[in-house]
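Participant: Output the structure for:
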Amino acid sequence: MHILVDFLATTAVANMTIGNLLMLVVGMIFISLAIRKDYEPLLLVPIGFGCIVGNIPSIASMAVGVYDQGSVLSYIYFGVSQGIFPPLIFLGIGAMTDFSTMLSSPRLVLLGAAAQMGIFLTLIGALYLGFSPAEAGAIGIIGGADGPTAIFLAAKLAPHLLGAIAIAAYSYMALVPVIQPPIMKLLTTRKERLIRMKPPREVSQREKIIFPIVAFLICALIAPASVGLIGMLFFGNLLKESTVTERLANTARTALIDIVTILLGFSVGCSTQAQTFLTPESILIFGLGALSFAVATACGVLFAKFMNLFSKNKINPLVGAAGVSAVPDSARVVQMIGQQEDPNNYLLMHAMAPNVAGVIGSAVGAGILWSVLVG
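Facilitator: From the prediction side, this is the model:
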């Protein structure tokens, strides 16, 4: 009987808490949203199952969880906590991104920049709620709707909030089709949503090759702390556009990014142990993250309307919503809302310009925040 009692004391059932049960349900909800609603399945399935794995309690003497030194999960989580995985994700994004639409209409870059206002307004809100400047900076970057960037900056500025920030950032990325449409419709009229934009001009191969080099130099000189993210993004794009390194580009945008996504998503999910994750700070982070994302979307739409006051070639304000860097989901949402009003209005290519500009903008914003707030 003593042996049986001792055995039962080591089981997860005996050590399960209400918080663990709640996080198990959250993990199942993420998996359900991914499978039934097709909301970012490549992210939500690994994160959801990671939530389940991370909330199976073990006895204190067993090194099992991501926070237990020497455990297998802790070694995988090392890539998250030390900011290794995000630049590798950016390498893959660069290798699969076509910057042609942005180069063909440079003014749309301003929409990507405008959407980054959500980052800095949320930073102010976080300061008001009592977070330290470093914590506020890490929380504000959620507004960029860029999970890898949020993880990278949180690992540098507020590692104790990394789990909550990562889950919030990826959750809102997955919910782009739910969060953005009401804001887009509220801030635009039907007449504005029916605006048709001129087809983008054809961009030469020389422009495509020169762009990643020049753009990297400009961004790096402005925010040298962002070279890890920006450098890998433009390096991946150069591999793609040079046409002489197709094998490398293909590896970066397929096998490499898939492997890193699996490891990143699963280990981030495992980091949501109820004992460290379910805190008042986490709830505030989720609230601020939602506000940040909404503000970023609104700023992009409103700035497009502002630009139309001074432009003969009108911009469909819906395109401004793609300024958040959830590539390519926010651009697809723009296309979807535009075609609800006019099935023959194709906004996807136009929306990709501020969308990829938003990726660059959020990475530069993260570099600026790290430089300013690291002390």
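Participant: So for this protein, which residue is the most central one in space?
Facilitator: Geometric centre of the chain, nearest residue: residue 146, 1.9 Å, by CA atoms, centre = their mean.
Participant: residues in contact with that residue?
Facilitator: 169, 173, 325, 326, 358, 359, 362, 363 (CB atoms under 8 Å, 6 or more residues apart in numbering). C-beta coordinates here come from the backbone N, C-alpha and C atoms, glycine included.
Participant: Likewise for residue 234?
Facilitator: Residue 234 neighbours (CB under 8 Å, 6+ apart): 94, 212, 213, 215, 216.
Participant: Check the gap between residue 114 and residue 307 for me.
Facilitator: 9 Å (CB to CB, to the nearest Å).
Participant: Top of the contacts of residue 234 by number of neighbours, please.
Facilitator: Comparing the contacts of residue 234 by number of neighbours (other CB atoms under 10 Å), residue 94 comes first, having 28 neighbours.
Participant: Quick one: list the elements packing against the host helix or strand of residue 86.
Facilitator: Taking DSSP states H and E as the criterion, residue 86 maps to helix 85-96. When contacts are defined as 3 or more CB pairs under 8 Å, 6 or more residues apart in numbering; DSSP states H and E, helix 85-96 packs onto helix 147-157, helix 227-241, helix 257-270.
Participant: hey, C-alpha coordinates of that helix in CSV?
Facilitator: The C-alpha trace of helix 85-96 is given here as CSV (Å, rounded to 0.1, in the frame of the first residue of the first chain):
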residue,chain,number,x,y,z
PHE,A,85,14.2,31.2,-33.5
PRO,A,86,12.8,34.7,-34.6
PRO,A,87,15.7,35.6,-36.9
LEU,A,88,15.5,32.1,-38.6
ILE,A,89,11.7,32.7,-39.1
PHE,A,90,12.6,36.1,-40.7
LEU,A,91,15.1,34.3,-43.0
GLY,A,92,12.2,32.1,-44.3
ILE,A,93,9.8,35.0,-44.6
GLY,A,94,12.4,36.9,-46.6
ALA,A,95,12.9,34.0,-49.0
MET,A,96,9.1,33.7,-49.7
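Participant: pLDDT (mean, whole number) over it?
Facilitator: Computed over helix 85-96, the mean pLDDT rounds to 95.
Participant: Can you give me the first-to-last residue distance of stretch 148-164?
Facilitator: 14 Å (CA to CA, to the nearest Å).
Participant: what's the average pLDDT for that stretch?
Facilitator: 90.
Participant: from now on call the first residue 9
Facilitator: Sure, I'll start counting at 9 from here, so that last one is stretch 156-172.
Participant: And that stretch, what's buried?
Facilitator: Going by neighbour count (16 or more other CB atoms under 10 Å), the buried part of stretch 156-172 is 156-166, 169-172.
Participant: Quickly name whichever of these is closest to residue 290.
Facilitator: Set against residue 290, the nearest of the buried residues of stretch 156-172 by CB to CB is residue 172 (4.1 Å).
Participant: Let me see the contact set for that closest one.
Facilitator: Listed by CB under 8 Å, 6+ apart, the contact partners of residue 172 are 285, 287, 289, 290, 293, 294.
Participant: pLDDT wise, what is residue 17 at?
Facilitator: Predicted confidence (pLDDT) for residue 17: 63.
Participant: Quick one: list the elements packing against the top helix by length along the chain.
Facilitator: Counting by DSSP state H, the longest helix found in the chain is helix 288-316. Helices and strands touching helix 288-316, by 3+ CB pairs under 8 Å, 6+ apart, are helix 117-123, helix 125-136, helix 141-148, helix 170-182, helix 184-194.
Participant: again, only this time at 10 Å
Facilitator: Counting contacts by 3 or more CB pairs under 10 Å, 6 or more residues apart in numbering; DSSP states H and E, helix 288-316 packs against helix 117-123, helix 125-136, helix 141-148, helix 170-182, helix 184-194, helix 198-201, helix 337-349, helix 356-381.
Participant: quick one: residue 51 and residue 268, what's the gap?
Facilitator: Relative to residue 268, and taking CB to CB, residue 51 is found at 12 Å.
Participant: nearest to residue 59, of the helices and strands packed on helix 288-316?
Facilitator: Of all the helices and strands packed on helix 288-316, helix 170-182 sits nearest to residue 59, with 8.3 Å by CB to CB.
Participant: Which SSE is immediately downstream of the helix-or-strand element of the chain with minimal mean pLDDT?
Facilitator: Every helix and strand of the chain was ranked by mean pLDDT, DSSP states H and E. The lowest is helix 10-18, at a mean of 64. Note on helix 10-18: by DSSP H and E, the next helix or strand toward the C-terminus is helix 20-23.
Participant: quick check: mean pLDDT across that next one?
Facilitator: Mean predicted lDDT for helix 20-23 stands at 71.
Participant: Mind exporting the C-alpha coordinates of it to PDB?
Facilitator: Only the C-alpha atoms of helix 20-23 are listed here, as PDB (Å, rounded to 0.1, in the frame of the first residue of the first chain):
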ATOM      1  CA  ALA A  20      -0.200  14.300 -12.700                       C
ATOM      2  CA  VAL A  21      -3.700  13.700 -11.300                       C
ATOM      3  CA  ALA A  22      -2.500  14.100  -7.800                       C
ATOM      4  CA  ASN A  23      -0.600  17.400  -8.600                       C
END
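Participant: Looking only at that helix, what residues are buried by neighbour count?
Facilitator: Going by neighbour count (16+ other CB under 10 Å), nothing in helix 20-23 comes out as buried.
Participant: Counting by contacts, list what that helix packs against.
Facilitator: Counting contacts by 3+ CB pairs under 10 Å, 6+ apart, helix 20-23 is packed against helix 10-18.
Participant: follow-up on the earlier one: residue 361 is nearest to which of the helices and strands packed on helix 93-104?
Facilitator: helix 235-249 (14.6 Å).
Participant: buried set for that closest one?
Facilitator: Those buried within helix 235-249 under the rule 16+ other CB under 10 Å are 236-249.
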